[in-house]
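Student: Next one to model:
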Amino acid sequence: MPPKRPIDLSVKMLLVVGVFFALVWGATMAIVQAAGGDVLWTPIAITVVFVGLQYLLSPAIVGWTMRVRYVSPDEEPRLHEIVRELAEAARIPMPRVGVSELEIPNAFAFGRWRSDGRVVVTRPLLGLLDERELRAVLGHEIMHLRNRDVAVITFLSLLPNVFYYLFRIGIRMRGRNNPGPLIALVSILVYFALQLLVLYASRIREYAADEGSVKLGNPPHWMASALYKLVYGAARLPPEELKAAAGFKAFFASDPSRAQGEVQSLADLDLDRSGTIDPAELDALHKGRVRVSAGARIGELLGTHPNMLKRVQRLAELQARGAFRVQAPYAP
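Tutor: Got it, this is the predicted structure:
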């Protein structure tokens, strides 16, 4: 019996947002009843100002921290050409193109809005992927810009921070019959629940970016091979190299901090030991059963990216559905 078709990603995202705001509404009403509405204004104001400034300054912060240098078409003509083709296909403005000098083979996209978009590849990535794999990864990053994922996740992250500040207020309240303990308990529970939902939303956005890259004309096995190589490349690095970008791993196409634990499961998919994942190997994955360990499931629950084996399985499902078209000059 073929596996059931997964729930549409947009439906999952709507469910997450619905549960997210239901939790916020319920917790807010409980706190207002216990302490009145005035207790909410300070944490809301602090959070809005802090996150707003962070959002506005993020391009400069990310660019500096990730050692990004923006390159011209003369310096990287093929990279610019691929990004331009994908941006036109996705119907977004041409983003700035950069190269990061980090030693981690990866790519990322950021920007405050579509017209401020930036797509960056690390120098090791350019030497690791072939052109088709590079195109698939760049398609993934272009879809993050098209879907406004930085703005979506930043907005969702606002409210957990509000409840964190409410928790801090609650534990500092003094006096008899004060509502502080109740406020602190409700706030910290809601904070953790909302954080888990934000992480889940981030994982949905990663699946959506993979699917979007496929819809831009990149066959699923291109992306699967690219992810395999990204994991393998990161797994070979010493821990100190990975720590250098630990605070920004949510931006990457794959989470390098989990590469050591994921590389063997992906290597098992590479049946011919070619260093790539071809359509036949994706087909075998689609027809087989994927087993993810309990430890990997817990790691995924607390991560911004899906488990890599499940992510490649999703690409296998897209291949089985024929949800792509190969564009010239890549069409056979």
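
Student: Now do the same contact list for residue 104.
Tutor: Residue 104 is in contact with 122, 124, 233-234, 237, 241-242, 244-245, 252, 256, counting by Cβ atoms under 8 Å, 6 or more residues apart in numbering. The C-beta positions use only the backbone N, C-alpha and C, and glycine is treated the same way.

Student: And for the closest residue to residue 159 other than its chain neighbours, the neighbour number?
Tutor: Leaving out its chain neighbours, the residue that sits closest to residue 159 by Cβ to Cβ, 6 or more residues apart in numbering is residue 24, at 5.4 Å. Residue 24 has 17 neighbours, counted by other Cβ atoms under 10 Å.

Student: Extract the residue ranges of this protein that are flagged as low pLDDT.
Tutor: Filtered on pLDDT under 70, the chain yields the residue ranges 1-10, 12-13, 17, 21, 26-40, 174-177, 323-332.

Student: hmm, back to that, would you turn the contacts of residue 104 into TSV with distance to residue 51 and neighbour count?
Tutor: Shown next, in TSV, are the contacts of residue 104 (distance: Cβ to Cβ, whole Å; neighbours: other Cβ atoms under 10 Å):
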residue	distance to residue 51	neighbour count
122	27	26
124	32	19
233	33	23
234	29	25
237	32	17
241	30	14
242	27	21
244	25	16
245	21	22
252	21	25
256	25	24
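
Student: Let me see the backbone angles for residue 107.
Tutor: With angles defined as degrees, to the nearest 10, residue 107 sits at phi -150, psi 160.

Student: distance of it from residue 125?
Tutor: Between residue 107 and residue 125 the computed distance is 6 Å (Cβ to Cβ, to the nearest Å).

Student: follow-up on the earlier one: and the residue nearest to residue 159, what element?
Tutor: helix 9-35 (DSSP states H and E).

Student: Ok, residue 97 next?
Tutor: Take DSSP H and E as the rule and residue 97 turns out to sit in strand 96-100.

Student: That strand pairs with which strands, parallel or anti?
Tutor: Here strand 96-100 is paired, per DSSP bridges, with strand 68-70 (antiparallel), strand 118-122 (parallel).

Student: Touching the helix or strand that the shortest one is followed by from outside, list them.
Tutor: Next in sequence after strand 68-70, counting helices and strands by DSSP H and E, comes helix 77-90. Surrounding helix 77-90, the residues in contact under the criterion Cβ under 8 Å, 6+ apart are 71-73, 93-95, 97, 99, 119, 121, 126, 131, 134-135, 138-139, 142-143, 145-146, 212, 216-217, 327.
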